[in-house]
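In: I need the structure of the sequence given here:
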Amino acid sequence: MTNREQLIQELEQAPDELVETVLEFLHRVKAIREHPLAKFAGIISDSEAAELQQSITADCGQVDLNEW
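Out: Okay, here's the model as predicted:
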């Protein structure tokens with residue numbers, strides 16, 4: 001049995017509120033995958049992301065209102 005067939009079988013037996021939840025989830029996933037920036041998801045490692053976040057926090061955390 002394929003995943004699609006198994007999913008259909010499970011959905012046929014599921015209560016309506018669960019089917020609605022699964023459908024909403026599917027729509028959200030499709031929207032995310034179709035987003036123009038989705039192709040960049042996962043291109044940096046967790047350690048690189050942590051380093052970027054630390055740099056942003058350290059260097060961009062304060063604004064000098066008198067600088068301009």
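
In: can you give me the mean pLDDT across stretch 2-9?
Out: Stretch 2-9 comes out with an average pLDDT of 96.

In: Now it - C-alpha only, PDB.
Out: Output of stretch 2-9 as PDB, limited to C-alpha atoms (Å, rounded to 0.1, in the frame of the first residue of the first chain):
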ATOM      1  CA  THR A   2       1.400   3.400  -0.900                       C
ATOM      2  CA  ASN A   3       1.600   6.300   1.500                       C
ATOM      3  CA  ARG A   4      -1.200   8.100  -0.400                       C
ATOM      4  CA  GLU A   5      -3.400   5.000  -0.200                       C
ATOM      5  CA  GLN A   6      -2.700   4.700   3.500                       C
ATOM      6  CA  LEU A   7      -3.400   8.400   4.100                       C
ATOM      7  CA  ILE A   8      -6.700   8.200   2.300                       C
ATOM      8  CA  GLN A   9      -7.600   5.100   4.300                       C
END
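
In: Off-centre distance for it?
Out: In terms of Cα atoms, centre = their mean, to the nearest Å, the centre of stretch 2-9 is found 24 Å from the chain centre.

In: what's the following helix or strand after the longest helix along the chain?
Out: If you go by DSSP state H, the chain has its longest helix at helix 16-34. The element immediately downstream of helix 16-34 (helix or strand, assigned by DSSP states H and E) is helix 46-60.
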